[in-house]
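In: Sequence first, then the predicted structure, then my questions.
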Number of protein chains: 2
Amino acid sequence: MKRFLNLTAAAAFCASVPAFAQEAKTYPAPSEIVAAAKAQEWAAIAPSDLLVMDLAPDAAGKPRRVVIQLMPAPFSQGWIGNIRKLATAKWWDGTSINRVQDNYVVQWGDATEKKALPDGLEVVPESGYTAPLVDPFASMLLFSAIVGQKEAEDACKRESEDKISDCFKEIDRQITRRDPYGDIYGFYKGWPAGADPKTAWPLHCYGMVGVGRNLSPDTGTGAELYTVIGHAPRHLDRNIALVGRVIEGIEHLSSLPRGTGALGFYEKEEERVPILSVRLGTEVQNAPSFEYLYTQTPSFKAYADARANRRDPFFITPAGGADICNIPVPVRRRPAK
Amino acid sequence: MKRFLNLTAAAAFCASVPAFAQEAKTYPAPSEIVAAAKAQEWAAIAPSDLLVMDLAPDAAGKPRRVVIQLMPAPFSQGWIGNIRKLATAKWWDGTSINRVQDNYVVQWGDATEKKALPDGLEVVPESGYTAPLVDPFASMLLFSAIVGQKEAEDACKRESEDKISDCFKEIDRQITRRDPYGDIYGFYKGWPAGADPKTAWPLHCYGMVGVGRNLSPDTGTGAELYTVIGHAPRHLDRNIALVGRVIEGIEHLSSLPRGTGALGFYEKEEERVPILSVRLGTEVQNAPSFEYLYTQTPSFKAYADARANRRDPFFITPAGGADICNIPVPVRRRPAK
């Protein structure tokens, strides 16, 4: 019976959302909120945190450049250190895209699996898949309490006197339980992350870049990389190292022909798109510079709330919540000063 | 303070999962559970519920066929009736793929927006986005209570005497709150659906097919269709009609070049892949026949639990839950008798 009461309380909240939406047809779209963000709400991405991958030109001779942003500490720094060494050693030059599995991943590296690795790569333990949960992560709790909360509170305020208290209790119960994969989630330094009371870890959202590995206890070196091109495979969280995300040019990977071998691996040499070069941003001539919207700013919170409760004219029923992978962190080229 | 206690209880559950995984390295992978399902656990898909779309051959001259399964009642039957009329009238023949937006949708129909529609199409009201919640939907509650529950109960059984009762209370609290988009979700007749105590609706998972529309109160006719090729855009649930899902050949859509116009629309005529024909399965010579795994069978429940708690050898930390769009309903060609 308790469960039925919970559902009823939640239903009162859901049912009242459309009415709210009708009152508020003038709310801006998430993209409009981002476009209106103040200059100081954007954080520059250091060129040393960019990995620039140039693929062979396409059939029409057009260049194909993919730009990856590497993660900040405390996430995956062992693997990221290896990736910096591999890029500096030009190790990926002449390797290829070897696997394209629909609704899953695109993977690249040495198809022969025989190319010698540079010296000095770190063997990172599985404990590196998570980071200790320290004070700054508390901001994630704040964030996860905010998505959908305003919508729910507005709904409760329209309840009758005798129901208001239960309604707010229901919100308190809901705002800490909005992800099937964990109790705490949010954004840390601009990255989607999950946490339990002791550790935190990055999440496998669309475009995230991870480190291929063999069976445990192997954790991979960073020489074999993949990016997510489908629905977030969150079951990989805490099972593989995530090291970054594609911030420009993902279409050069996501639109490649799917591989016909097991797991989407290409079966023929000629199917593999050659990788011309992979460099750190500091080693690329005229590398574009990028910035991301700080995730603890008013504009990001308004953007996240709008993603969770679409009220722009196309929408008639705001969802009242959002999967964290459906709240992509805005990244753009840095406007010329 | 209450929230902190909730998180602690949940942490006890999460923390004990890896230990469980190590005890049980011999668990089958989800794909192995599906492969071992009994013949009677599979449901045949009627040819009259198939929509077969043949695109112009690719650059290498290879045919490109996309097969869509239409939804059963009570979902979206007004639009699906229109789609049957449009297919019978061969209305889509000579139309094209007009929009490919990365991590979102592929859309097709009449690029000129001037082609006359057949007579007798129904104008479906917005109330058609949801269906009344009737008894059979109760099975969805059962399902949503099952994903992740076994894992959590095993964890609780290893708690000390004084903690066991709180641990099971925590499970009871969690199993009705495992989706940011609503309180009840699960599978109905093989389709992912959300529900509140009064209505139910299909979900925008990868590969789902929906009906393009203009601003409310327009609901679209069914002549303009799209399929999801990225992370589930669940904010569209209850805002657009879903009518089916791609069950074969989605790679012919998801790997198309992304459009460079606004919303991923192609800007040039020559970028649009021509649609040769769209027919109901009953009107196609030698149409392949398909079947899906009944979602109320022991094999489906074992598959769903395995998707939520990967214990096959590659994995070291089962998630303890799964986004419903990360539990795709198994569909396959029907084996020859």
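Out: Alright, I've got the coordinates.

In: could you pull out the strands for the stretch 1-150 of chain A?
Out: Per DSSP state E, counting those that start in this stretch, the stretch 1-150 of chain A carries strands over the ranges A:42-45, A:50-55, A:64-70, A:96-100, A:105-109, A:131-132.

In: tally of neighbours for A:Ala287?
Out: Neighbourhood size, A:Ala287 [other CB atoms under 10 Å in any protein chain shown]: 16. Glycine gets a C-beta too; all of them are placed from N, C-alpha and C.

In: With adjacent residues omitted, what lies nearest to it?
Out: Using CB to CB, 6 or more residues apart in numbering or on different chains and skipping the chain neighbours, the partner closest in space to A:Ala287 is A:Gly281 (4.7 Å).

In: okay, now the one you found: neighbour count?
Out: Applying other CB under 10 Å, we find 22 residues neighbouring A:Gly281.

In: can you give me phi and psi for it?
Out: Main-chain torsions, A:Gly281, degrees, to the nearest 10: phi -60, psi -30.

In: for stretch A:290-306, which positions count as buried?
Out: Neighbour counts over stretch A:290-306 (16 or more other CB atoms under 10 Å in any protein chain shown) mark A:290-297, A:299-306 as buried.

In: re the thing from before, which one of the strands of the stretch 1-150 of chain A lies closest to chain B?
Out: strand A:96-100 (7.8 Å; CB to the nearest CB).

In: Return that closest one as CSV; C-alpha atoms alone will do.
Out: Extracted C-alpha coordinates of strand A:96-100, given in CSV (Å, rounded to 0.1, in the frame of the first residue of the first chain):
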residue,chain,number,x,y,z
SER,A,96,43.3,3.3,-38.1
ILE,A,97,39.6,3.2,-37.1
ASN,A,98,39.0,-0.5,-36.6
ARG,A,99,35.5,-1.0,-35.1
VAL,A,100,32.2,0.7,-35.7
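
In: Can you name the residues in contact with that strand?
Out: A:55, A:105-109, A:111, A:226, A:229, A:253, A:256-259, A:263-266, A:272-275, B:255 (CB atoms under 8 Å, 6 or more residues apart in numbering or on different chains).

In: 10 Å instead?
Out: A:53, A:55-56, A:66, A:105-113, A:212, A:224, A:226, A:229, A:252-266, A:269, A:271-275, B:251, B:255 (CB atoms under 10 Å, 6 or more residues apart in numbering or on different chains).

In: Give me the angle between that strand and strand A:50-55.
Out: Orientation of strand A:96-100 against strand A:50-55 (axes from the mean of the first three to the mean of the last three CA atoms, to 10 degrees) gives an angle of 90 degrees.

In: For chain A, give me the ranges with low pLDDT.
Out: Scanning chain A for pLDDT under 70 picks out the ranges A:1-25, A:135-153, A:167-178, A:182-183, A:337.

In: could you pull out the helices for it?
Out: Assigned by DSSP state H, chain A shows helices spanning A:2-23, A:30-35, A:77-88, A:138-146, A:149-157, A:161-174, A:251-254, A:298-308.

In: buried stuff in the third one?
Out: The reference is to helix A:77-88. Within helix A:77-88, the residues that count as buried by 16+ other CB under 10 Å are A:77-80, A:82-87.

In: before we move on, what about the shortest one?
Out: Of the residues in helix A:251-254, those with enough neighbours to count as buried (16+ other CB under 10 Å) are A:251-254.

In: just checking, what packs against that helix?
Out: If you count contacts as 3 or more CB pairs under 10 Å, 6 or more residues apart in numbering or on different chains; DSSP states H and E, helix A:251-254 packs onto strand A:50-55, strand A:64-70, strand A:96-100, strand A:105-109, strand A:225-228, strand A:242-248.

In: what's the neighbour count on the residue of the stretch 201-337 of chain A found nearest chain B?
Out: Across the stretch 201-337 of chain A, the shortest distance to chain B (CB to the nearest CB) belongs to A:Gly321, at 3.8 Å. When neighbours are counted by other CB under 10 Å, A:Gly321 registers 25.

In: Would you agree A:Gln107 is in contact with A:Leu225?
Out: Yes - counting by CB atoms under 10 Å, A:Leu225 is a contact partner of A:Gln107 at 7.0 Å.

In: Mutual contacts of these two, please.
Out: Counting by CB under 10 Å, 6+ apart, the shared contacts of A:Gln107 and A:Leu225 are A:210, A:212.

In: neighbour count winner among these two?
Out: The residue with more neighbours, out of A:Gln107 and A:Leu225, is A:Leu225; 25 against 21, by other CB under 10 Å.

In: wait, doesn't that one sit right on A:Trp91?
Out: No - using CB under 10 Å, A:Leu225 is not in contact with A:Trp91, being 11.5 Å away.

In: quick one: common contacting residues for the two?
Out: Residues touching both A:Leu225 and A:Trp91 (CB under 10 Å, 6+ apart): A:83, A:109, A:278.

In: Redo these as TSV? Include distance to chain B.
Out: Formatted as TSV, those follow (distance: CB to the nearest CB, whole Å):
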residue	distance to chain B
A:Ile83	22
A:Gly109	18
A:Val278	21
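
In: Out of these, which comes closest to B:Gly190?
Out: Distance to B:Gly190, by CB to CB, is smallest for A:Gly109 among the shared contacts of A:Leu225 and A:Trp91, at 38.0 Å.

In: who does the closest one bridge with?
Out: Beta-bridge partners for A:Gly109, by DSSP bridges, are A:Ser96.

In: wait, what's in contact with it?
Out: When contacts are counted by CB under 10 Å, 6+ apart, A:Gly109 touches A:86, A:91-92, A:95-99, A:115, A:212, A:220-226, A:275.

In: try it again with 6 Å
Out: Shown in contact with A:Gly109 (CB atoms under 6 Å, 6 or more residues apart in numbering or on different chains): A:95, A:223-224.

In: now do A:Ile275
Out: The contact partners of A:Ile275, by CB under 6 Å, 6+ apart, come to A:55, A:92, A:95-96.

In: run the last query once more with 7 Å
Out: By CB atoms under 7 Å, 6 or more residues apart in numbering or on different chains, the residues touching A:Ile275 are A:53, A:55, A:92-93, A:95-96, A:108.

In: Which among these count as buried?
Out: By neighbour count, with 16+ other CB under 10 Å, those hold A:53, A:55, A:92, A:95-96, A:108 as buried.

In: Please produce CSV containing these, extended by distance to B:Met208.
Out: Listed next are the buried ones among the contacts of A:Ile275 as CSV, based on distance: CB to CB, whole Å:
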residue, distance to B:Met208
A:Met53, 32
A:Leu55, 31
A:Trp92, 36
A:Thr95, 36
A:Ser96, 33
A:Trp108, 29
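
In: and the stretch 151-300 of chain A, which residues reach chain B?
Out: Contact residues, the stretch 151-300 of chain A versus chain B (CB under 7 Å from any CB of the partner chain): A:174, A:176-184, A:196-197, A:206, A:215-216, A:230-232, A:234-235, A:237-239, A:250-251, A:254-258.

In: Straight-line length of stretch A:83-100, end to end?
Out: 21 Å (CA to CA, to the nearest Å).

In: Actually, stretch A:93-103.
Out: Using CA to CA, the end-to-end distance of stretch A:93-103 comes to 27 Å.

In: buried set for that stretch?
Out: Buried, per 16+ other CB under 10 Å, within stretch A:93-103: A:95-103.

In: State the distance from A:Glu271 to B:Pro288.
Out: To B:Pro288, A:Glu271 is 26 Å away according to CB to CB, to the nearest Å.

In: what's near enough to touch the nearest residue to A:Leu253 once chain neighbours are set aside?
Out: Setting aside the residues directly before and after it, A:Leu253 is nearest to A:Val106 in space (CB to CB, 6+ apart), at 4.2 Å. When contacts are counted by CB under 7 Å, 6+ apart, A:Val106 touches A:97, A:99-100, A:226-227, A:229, A:253-254, A:256.

In: Let me have those residues in JSON lines, adding distance to B:Leu121 as columns.
Out: Shown next, in JSON lines, are these (distance: CB to CB, whole Å):
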{"residue": "A:Ile97", "distance to B:Leu121": "44"}
{"residue": "A:Arg99", "distance to B:Leu121": "44"}
{"residue": "A:Val100", "distance to B:Leu121": "39"}
{"residue": "A:Tyr226", "distance to B:Leu121": "45"}
{"residue": "A:Thr227", "distance to B:Leu121": "42"}
{"residue": "A:Ile229", "distance to B:Leu121": "36"}
{"residue": "A:Leu253", "distance to B:Leu121": "40"}
{"residue": "A:Ser254", "distance to B:Leu121": "35"}
{"residue": "A:Leu256", "distance to B:Leu121": "38"}
